[in-house]
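Asks: pasting a predicted model and its sequence here:
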Amino acid sequence: DAGITQSPRHKVTETGTPVTLRCHQTENHRYMYWYRQDPGHGLRLIHYSYGVKDTDKGEVSDGYSVSRSKTEDFLLTLESATSSQTSVYFCAISKTGGGGYTFGSGTRLTVV
Amino acid sequence: AQSVTQPDIHITVSEGASLELRCNYSYGATPYLFWYVQSPGQGLQLLLKYFSGDTLVQGIKGFEAEFKRSQSSFNLRKPSVHWSDAAEYFCAVGPGLNSGGGADGLTFGKGTHLIIQP
């Protein structure tokens, strides 16, 4: 979507390796979110940020960490990837934290 | 904690027929409500949203949804489906204006997979 990009779009990694996914926005929105999407589960919130250096855990945060050192970038790190973290990861941004959300195109991560 | 239930995992509808996708939610206050659509391999596209006011909301692609507070429901409807409507549909809730704040994002249902028969 315009104003939000995710990188990489696809990644295959080995079990036990660290992985970092990047979400970049040009909208200057305060709030940013990381979700994972799995069949039969819909989208589940991993972590979110409500400002630079302000982050909090979501529903499925175990095994993930995040950082936000500047407004435009929100990084999701898998410290030691496991096969259960094979998923499609979506980033979202919101100006107000409640009213409207814009989603990125997703990153398909495969852990082998 | 908030939750969203989409009772139908799959729905099959004939092209030209009407459609209703069900969504029920559990939330402590009046939430903001959303419907998203996702085509295979694609991201999420917002169909419509309810914040306040008129409980019948019009969206893109001819979709509408009705908020019924007494039933905690936000069902999605379309009078006549097209083959291009085949996709995954997600209902979601987010913190509303009087929820006491909270920027903790949306809670999604598990989705309904819509199949269109010719």
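Replies: In hand now; what should we look at?
Asks: next up, the contacts around the residue lying closest to B:Asn24 once chain neighbours are set aside.
Replies: Nearest residue to B:Asn24, sequence neighbours excluded (CB to CB, 6 or more residues apart in numbering or on different chains): B:Thr5, at 4.7 Å. In short, each C-beta sits where N, CA and C put it, glycine included. B:Thr5 sits next to B:23-26, B:109 when contact means CB atoms under 8 Å, 6 or more residues apart in numbering or on different chains.
Asks: tell me the least confident of the residues you listed?
Replies: Note: of the contacts of B:Thr5, the lowest pLDDT belongs to B:Ser26, at 92.
Asks: in contact with that residue: list those residues for me.
Replies: B:2-5, B:72.
Asks: that one bridge partners, please.
Replies: Legend: beta-bridge partners of B:Ser26 under DSSP bridges are B:Ser3.
Asks: hmm, who's touching the lowest-mean-pLDDT helix or strand in chain A?
Replies: Within chain A, confidence by mean pLDDT, DSSP states H and E is lowest for strand A:102-103 among all helices and strands, at a mean of 91. With contacts defined as CB under 8 Å, 6+ apart, strand A:102-103 is touched by A:1, A:3-4, A:27, A:29, A:90-94, B:36, B:43-44.
Asks: kindly recompute the last result at 10 Å.
Replies: Here strand A:102-103 makes contact (CB atoms under 10 Å, 6 or more residues apart in numbering or on different chains) with A:1-4, A:6, A:25, A:27, A:29, A:33, A:35, A:43, A:90-95, B:36, B:38, B:43-46, B:106.
Asks: in which helix or strand does the residue nearest to the spatial centre of chain A reside?
Replies: A centroid search over chain A (CA atoms, centre = their mean) returns A:Trp34, at 3.0 Å, as the residue closest to the centre. Using DSSP states H and E, A:Trp34 falls within strand A:31-38.
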